[in-house]
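Enquirer: what follows is a protein structure lacking sequence information:
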């Protein structure tokens, strides 16, 4: 999986489209931008760090692409039988657990991956990154044969708003030292009883 990410990132770097945080061995410095900003090299891509301290949410996008029209948040996923069993069990079963048939039938990214890129785009916005991507491209590469599919996903807060609201409640509860309200029952559930003083 790491090798697949590195290969795609290298291709985009060579094309001059891979934006984000870089480390230049020659300068021994980190910088934001495109890799042509420093020509001494060698350059190491540190992806797109997304740490939003107020909500204590963090992650790393696989990349930020420039020069393909509007900026794109990049996410690369290697897809194998394990991925299909976990992310698309119904689709896998429908195609007799045949990887090749199931791979051919995939015509949209899996919901977990859509949510991931939505969170990354929202974090980039909250962090105030200039020109934060309003679209993401999810690239799937099949482990058995290295064929690939790409899907563009427009930014939307619709499916992630509740996650950011929950994070706000948890951060507030930590600050006040009061446990958050139970999300199962208003009066609390069996699991909450362990937290009663």
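Expert: Looks like it arrived, so ask away. Small disclaimer: the values here were computed from a predicted structure and weren't measured.

Enquirer: in this protein, which spans are strands?
Expert: Under the criterion DSSP state E, the chain carries strands at the ranges 18-24, 29-33, 43-45, 48-52, 57-61, 63-65, 72-79, 135-142, 148-154.

Enquirer: among these, which comes closest to residue 170?
Expert: Ranking these by their distance to residue 170 (criterion: Cβ to Cβ) puts strand 57-61 first, at 10.3 Å. For every residue, glycine as well, the C-beta is placed using N, CA and C.

Enquirer: residues contacting the closest one, please?
Expert: Identification of contacts with strand 57-61 by Cβ atoms under 8 Å, 6 or more residues apart in numbering yields 20, 47-52, 73-75, 116-117, 119-120, 123-124, 164, 167.

Enquirer: which of these count as buried?
Expert: Using 16 or more other Cβ atoms under 10 Å as the burial test, these include 20, 47-48, 50, 52, 73-75, 116-117, 119-120, 123-124, 164 as buried.

Enquirer: and which of these is nearest residue 101?
Expert: For these, the nearest to residue 101 is residue 75 (24.6 Å; Cβ to Cβ).

Enquirer: which residues does that closest one contact?
Expert: Going by Cβ under 8 Å, 6+ apart, residue 75 touches 61-62, 113, 116-117, 120, 136-139.

Enquirer: and residue 89, by the same measure?
Expert: Residues in contact with residue 89 (Cβ under 8 Å, 6+ apart): none are found.

Enquirer: quick one: it from residue 111, how far?
Expert: Applying Cβ to Cβ, to the nearest Å, the value for residue 89 to residue 111 is 13 Å.

Enquirer: re earlier: redo the contacts of residue 75 as CSV? Include distance to residue 31 and pLDDT.
Expert: Output for those, formatted as CSV (distance: Cβ to Cβ, whole Å; pLDDT from 0 to 100):
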residue, distance to residue 31, pLDDT
61, 17, 97
62, 19, 97
113, 29, 97
116, 26, 97
117, 25, 98
120, 21, 98
136, 23, 98
137, 24, 98
138, 27, 98
139, 25, 98
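
Enquirer: how about these, which pair is most distant?
Expert: Between any two of the contacts of residue 75 (Cβ to Cβ), the greatest distance is 14.3 Å, for 120 and 139.

Enquirer: circling back to that earlier point, looking at the buried ones among the contacts of strand 57-61, which is nearest residue 193?
Expert: Using Cβ to Cβ, these come closest to residue 193 at residue 164, 28.2 Å.

Enquirer: could you dump the strands of the chain to TSV with distance to residue 191?
Expert: Compiled in TSV, the strands of the chain are given as follows (distance: least, Cβ to Cβ, whole Å):
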stretch	distance to residue 191
strand 18-24	40
strand 29-33	43
strand 43-45	42
strand 48-52	28
strand 57-61	23
strand 63-65	39
strand 72-79	33
strand 135-142	35
strand 148-154	34
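
Enquirer: residue 173 is nearest to which of these?
Expert: strand 57-61 (15.4 Å).
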